[in-house]
Each structure stands twice: as C-alpha cells, then as structure tokens.
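J.: Below: sequence and its predicted model.
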Amino acid sequence: MFNAVFEKLFKLQANGTNIKTEFIAGLTTFAAMSYVLVVNPSILSAGGMPVVGLITVTALAACLGTLLMAFMTNYPIAMAPGMGLNAFFAFTICLTRDIHWEAALGIVFWNGILFLLLSVTGVRTKIADAIPAALKIGVQCGIGLFIAFIGLKNAGIVVDHPATFLTIGDLSEPATMLAVVGILLTIVLFIKKVTGAILISVLVLTLIGAFIPTADGYLTQHTDSFVGMPDSISTTFFAMDLMYPIENIATTWDLIFALLFVNMFDTIGTLIGVSRRANLLDKEGRLPKIGPAMTADAAASVVGAALGTSPVTSYVESAAGVSSGGRTGLTGVFVALCFMLALFFTPLMKVIPLMATTPALIMVGILMMDSFRQLDFDDLTALATATVALLVMPLTFSISEGIAMGFITYVGIMVGTGKYKQVTWITYAMAAVFILRYVLDLK
Ligand SMILES: Nc1ncnc2[nH]cnc12
C-alpha cells in the first residue's frame, strides 16, 4: 500500500530509486545535518535569545522547511536554519547593531517576504540561469570545500592562528584523533560501497566517544535517559516584532538587503551544487524546478521567523543523502521525520559530539569535488572563474562571497579579452550589483 502511495507522490521508479534507498538517504542527510540541533541554539542564544526551546524551534523549522521542499519540488533537498545566516542574525543584527532578538526576527520575516516575491515573480530563476557553466562547477566544488572546512573546524583539525590565519590543530587530542580515524573509516566504507557509510561512521564515532574521558566527563556525554518530551517554544513562537523594521527602515534596510543577498545566493549555490551531484540538471545545465525550489526555500524562512529562528535555507549537507542514492522528495520526508523523532530524543541529541559529524562533512566535500573534472582545463576563462569561486567560499566562510567573486572574475575576463558580446545583460547586471556591494561595503 505504502509502495503505491509513495510511487504516486514521488515517482520513485522514474527517478531510478526505491523506498529503501530513499530511507537510507534520508537518515544519511539527517545524520550529516543533525549538528544544527546543537549548533543553531548555541549561536542564536549568543545573540540574546532565550536558549530553552531553541532545539524544538530548530527541529520544527527544519521539518516544515524540508516538507515544503519535498512536496513542492520532489527534490531530495533538506532545509534548516543556515549556518552563517544564524551568525549574521546573532552577531551582526543582535550584538553589533544592538537590535533586540524579537525585532531581529521581524527583519528575518521581511527578508523572507521579499525573497518570496522575487521567487514567485521568477526574477530569481532568471538570476540562477545567468550563472555561467564554469561558475556552476566552481560553486559545486567550492561548496564541497566549504562544508569540508566546517567539518575540519568542528573537529579541531584546523584551528586559527594569529600569523597564518589557519594551522593544523592538536591531533594528539583524543576527539580530534577520533575524527581523523572516522574520516578514514568513512572513505574506506565508501570505497567498499557499504550502504549508509556516512551514517554508520557517525554512530560508530558517537559510541566510541562514550569511552573517551575528557576534562568534564566523556566525549559522548553519558546520560540517564535518552528520551524526553521536547521543550516548549512559547517564548519565541510569533514573538517577531513585525513593525520594528518598518518603523526603523533607515537603520534596518541594509540589514534586510544583506540578509536577502546572502540567503538568495546561499540558496542558488546550494540548489545548483546539490542537484548537479544528483544529476537533476537538464541538458543546458539548468535545474528544471528551480522556481518552486526557491519559493519553498523563501517560504521556509517566513515560517522559521514565525517559529523563532534565523533564515531557513536549503542545506548543502543534502549532498550526503544524494551520494547514498536519494533522488526524490521522499528522502526529505524521511529527513523531516527524523527531525520530529529527534525532538523526543532531545537528551540523546545533546550527547552526539560535534566531531562525530566531521567525517560526514569531509566525505561530502570529497564527493562534491569530483565534478571539477567536467571543467574544460584548456579554457583559462573557465578554469579561472571556477577556481576563484572554489577558493573564496571556504576562505571567506561564505557561499555568497564565492559566487560574487566568481561572477566578477568571469565578467572581468570576458570584457578584458574582448569577448564582451558573449555575456548576457543579466550577467553584467549581477556583476555590477556585486561590485557595488563591495565598493559600498554593504556586508
Ligand atoms: N548557510 C548554509 N547554506 C547551505 N548549506 C548549509 N549548511 C549549513 N549552513 C548552510
């Protein structure tokens, strides 16, 4: 019976998949992105939000956003409050600008509405189509490096350094060492074609972590109970101050614009990157349902603001599930279910160490790099454009900056080499907006 319903809703056969594959893909994507349940509350509370209930808010936002994407597009793309976007919310809007979190949620709401308007009017689709093919490859690989970098940072394998910015961490630390072992384990499992390799490694690392002592207990903290009722979200639910951004438009417009920019290009980059990996692009390299995908993404931010979190966005970690075979919205339905179930395991969720998710992130990074070979290495314009995007993303910790720099590089080279007639006006317009944004320092 389920077979028939799922077949009808998600066209499993036509997409070369089945319920079991989609189930494993859903678990894998969830495993790769589950850190959001721990990290998002800690970042939002750093901006002054009351921490109680934020795990519930994060899980609900991820669940609803992912379901929107699953049913509106049938793509295996999961959503959750985005990293980077949450940092912008907490550190720039709340702390630097001294705006109360309820007013900041109002800013997120209006950003979502504007985003929605751009999506339903098709402006965003035109923008996505204007991205040159080489830049799309650079974006996919750059996101791979970005996500691998998040993993390396979470595990302490790469740490900051006052003279060189970055350096190798202390690999004699048991947690860091375990992450390194986990990375190798994941790669070996993948080469051996073990189904659910990423998920297995997260679970193995969490288990081993329970036996590794640290200064304050064990790496995977021991807990008396694994299950419990979720915390209430009454403090943040519909707490957004919708009038603040309107009444203070002179001081909030640039924040709304910045959020809109980052959100839009994070989304475009992620959608293109993940769908390239899932072979969802058509012959011209375009994503057929990019319009509905963007609308779902924008609507999720509005829902997120109402629940009480920073913008909800398409997650690059979806590439983990795609790598284990996920091809349809059914993957997303399983991800959403996992988020719902995780709520009742809040005590258990709290003990999965951050570093246990590192191998998943590194593996996704490695897999996303493989499309670099599709680049025409004899075409220096393509190579330079893709390389700039690829480098800038991890180094600036931002998908958007990578896209911006890639656009500017591409247009700069085309104009400089006299091929300016081959560039579409919308690509020129995009490059102009990016240049203006840097010149006016609208970050
Ligand atoms: N901002 C973001 N965009 C895409 N994927 C993400 N995964 C975590 N944060 C993300």
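T.: Arrived safely, thanks for sending. Computed from a predicted model, the values in this text were never measured in an experiment.

J.: and the protein, which residues reach the ligand?
T.: Residues of the chain lying close to the ligand (Cβ under 6 Å from any ligand atom) are 82-85, 266, 270, 313, 315-317, 399. Glycine gets a C-beta too; all of them are placed from N, C-alpha and C.

J.: Which ones among these lie within helices?
T.: Among the residues of the chain next to the ligand, the members falling in helices (DSSP state H) are 85, 266, 270, 399.

J.: Which pLDDT value goes with the second one?
T.: The confidence metric pLDDT takes the value 81 at residue 266.

J.: Can you report how many residues lie near the spatially closest residue to it that is not a sequence neighbour?
T.: Excluding its sequence neighbours, the residue lying closest to residue 266 (Cβ to Cβ, 6 or more residues apart in numbering) is residue 399, at 4.8 Å. Residues lying near residue 399 (other Cβ atoms under 10 Å) number 29.

J.: cool, residue 280 as well?
T.: Neighbour tally, residue 280, other Cβ under 10 Å: 25.

J.: what two of the residues of the chain next to the ligand are the furthest from one another?
T.: Across those, no pair lies farther apart than 85 and 317, at 14.6 Å, counting by Cβ to Cβ.

J.: Look at those two and report which has more neighbours.
T.: Neighbour tally, residue 85 and residue 317, criterion other Cβ under 10 Å: the higher count belongs to residue 317, 30 against 25.

J.: what's the pLDDT at residue 416?
T.: Note on residue 416: pLDDT of 97.

J.: how close does it sit to residue 381?
T.: 10 Å (Cβ to Cβ, to the nearest Å).

J.: Could you check which of these two is surrounded by more residues?
T.: More neighbours surround residue 381 than the other of residue 416 and residue 381, with 18 against 10 (other Cβ under 10 Å).

J.: So the more buried one lies in a strand, does it not?
T.: No - Residue 381 is assigned helix when assessed by DSSP: H, G, I helix; E, B strand; the rest coil, not a strand.

J.: so who does it touch?
T.: The contact partners of residue 381, taken as Cβ atoms under 8 Å, 6 or more residues apart in numbering, are 134, 410, 413-414, 417, 419.

J.: Kindly report the same for residue 362.
T.: Contacts for residue 362 (Cβ under 8 Å, 6+ apart) come out as 148, 151-152, 183, 186.

J.: Nearest to the ligand within this structure, name that residue for me.
T.: Nearest residue of the chain to the ligand: residue 82, at 3.0 Å (Cβ to the nearest ligand atom).

J.: check which helix or strand covers residue 226.
T.: Assigned by DSSP states H and E, residue 226 belongs to no helix or strand.

J.: Surely it touches residue 347?
T.: Yes - using Cβ atoms under 8 Å, residue 226 makes contact with residue 347 at a distance of 5.9 Å.

J.: Of the residues of the chain next to the ligand, just the buried ones, PyMOL syntax please.
T.: A single PyMOL command selects the buried members of these (16 or more other Cβ atoms under 10 Å):
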select buried, resi 82+83+84+85+266+270+313+315+316+317+399
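
J.: quick one, strands of the stretch 301-443 of the chain?
T.: 312-314 (DSSP state E, counting those that start in this stretch).

J.: so where's it uncertain?
T.: Residues of the stretch 301-443 of the chain that meet the criterion pLDDT under 70 lie in 442-443.

J.: Share the number of residues neighbouring the closest residue to residue 24 other than its chain neighbours, please.
T.: Spatial nearest neighbour of residue 24, chain neighbours left out: residue 196 (4.8 Å); criterion: Cβ to Cβ, 6+ apart. Per other Cβ under 10 Å, the neighbour tally for residue 196 reads 18.

J.: Same check on residue 188?
T.: Residue 188 has 12 neighbouring residues, counting by other Cβ under 10 Å.

J.: quick one, what contacts it?
T.: Per Cβ under 8 Å, 6+ apart, neighbours of residue 188: none.

J.: Give me the secondary structure label for it.
T.: State at residue 188, reduced to three classes by three-state DSSP: helix.

J.: quick one: what helix or strand has residue 160 in it?
T.: Assigned by DSSP H and E, residue 160 belongs to strand 158-161.

J.: contacting residues around that strand?
T.: Contacts for strand 158-161 (Cβ under 8 Å, 6+ apart): 149, 152-153, 166-170.

J.: Which ones among those lie within helices?
T.: 149, 152-153.

J.: all strands of the stretch 151-300 of the chain, in order?
T.: Ranges of strands in the stretch 151-300 of the chain, per DSSP E, counting those that start in this stretch, are 158-161, 165-168, 213-214, 217-218.

J.: In JSON lines: those, plus mean neighbour count and mean pLDDT.
T.: As requested, the strands of the stretch 151-300 of the chain are arranged in JSON lines below (neighbours: other Cβ atoms under 10 Å; pLDDT from 0 to 100):
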{"stretch": "strand 158-161", "mean neighbour count": "12", "mean pLDDT": "96"}
{"stretch": "strand 165-168", "mean neighbour count": "11", "mean pLDDT": "96"}
{"stretch": "strand 213-214", "mean neighbour count": "12", "mean pLDDT": "89"}
{"stretch": "strand 217-218", "mean neighbour count": "12", "mean pLDDT": "89"}
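
J.: Check whether residue 202 really touches residue 357, as I assumed.
T.: Yes - Residue 202 is within contact range of residue 357, at 6.1 Å (criterion: Cβ under 8 Å).

J.: between the two, what contacts are shared?
T.: Common neighbours of residue 202 and residue 357, using Cβ under 8 Å, 6+ apart, are 31-32, 34.

J.: so which of those residues is the most crowded?
T.: When neighbours are counted by other Cβ under 10 Å, residue 32 leads these with 30 neighbours.

J.: Is it correct that it is in contact with residue 196?
T.: No - using Cβ under 8 Å, residue 32 makes no contact with residue 196, being 11.6 Å away.

J.: quick one, what contacts residue 94?
T.: 47-49, 100-101, 104.

J.: I should have written residue 282 there, sorry.
T.: Applying Cβ under 8 Å, 6+ apart, we find residue 282 in contact with residue 288.

J.: Quick check on it: phi, psi?
T.: Residue 282 adopts backbone torsions of phi -80, psi -170, taken as degrees, to the nearest 10.

J.: One more: residue 232?
T.: Backbone torsions of residue 232, given as degrees, to the nearest 10, read phi -70, psi 150.

J.: Quick check: nearest residue in space to residue 43, chain neighbours excluded?
T.: Spatial nearest neighbour of residue 43, chain neighbours left out: residue 86 (4.6 Å); criterion: Cβ to Cβ, 6+ apart.

J.: And residue 58, by the same measure?
T.: Once flanking residues are discounted, residue 58 sits nearest to residue 40: 4.5 Å by Cβ to Cβ, 6+ apart.

J.: and the one you found, that's in a helix?
T.: Yes - counting by three-state DSSP, one finds residue 40 located in a helix.
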